[in-house]
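>>> take a look and give me a structure for this.
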Amino acid sequence: MREQLLKLKAIGRMPTESDADDNDEKIDELIEQYDELISSIEKPITLEEAEVLVSLFPDGFFYDMHWGLLHLFETCILSASEEEYQKLIDKCPSEEWRENLQIRYENWKKKNQ
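Numbers count the residues shown, from 1 in each chain. Here you go, the predicted model:
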């Protein structure tokens, strides 16, 4: 597994914006860490790496970091069977993002049939 994924795993799940104080320097550092790590990962990712990423989704939104996470997660779609990808989606701890991933997957399947 790539070093960036191990670091993301160590940082853990993203908080939500409402949990963060915008004036808090720690939040600024956390945003910077997520952004730097997510953007430095070369695509596509493996299923094992996708399992780490899916565990990071916040309950809501986190300063647009969740979109980079989502787009990176989706790069494993071609290396996964439908069953494997569905299991990954089901592991998402956020109901909102799990639903979003499911809708996007259904749309992808329709487009690529």
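
>>> okay, and the residue nearest to the spatial centre of the chain sits in which element?
By Cα atoms, centre = their mean, the chain has its centre lying nearest to L69, at 3.4 Å. Element membership for L69 (DSSP states H and E) is helix 65-73.

>>> buried ones in the longest helix seen in the chain?
The single longest helix within the chain, with elements called by DSSP state H, is helix 95-111. For helix 95-111, a neighbour-count test (16 or more other Cβ atoms under 10 Å) marks W97, R98, N100, L101, R104, Y105 as buried. All C-beta spots, glycine's among them, are computed from the backbone N, C-alpha and C.

>>> same question, stretch 54-61
Result for stretch 54-61 [16+ other Cβ under 10 Å]: buried residues V54, S55, L56, F57, P58, D59.

>>> same check on stretch 9-18?
By neighbour count on 16+ other Cβ under 10 Å, the buried set for stretch 9-18 is K9, M14, E17.

>>> quick one: which of these is nearest to T75?
Ranked by distance to T75 (Cβ to Cβ), these are led by K9 at 17.5 Å.

>>> quick one: the helix or strand encompassing the closest one to helix 65-73, angle?
Element membership for K9 (DSSP H and E) is helix 3-11. Orientation of helix 3-11 against helix 65-73 (axes from the mean of the first three to the mean of the last three Cα atoms, to 10 degrees) gives an angle of 140 degrees.
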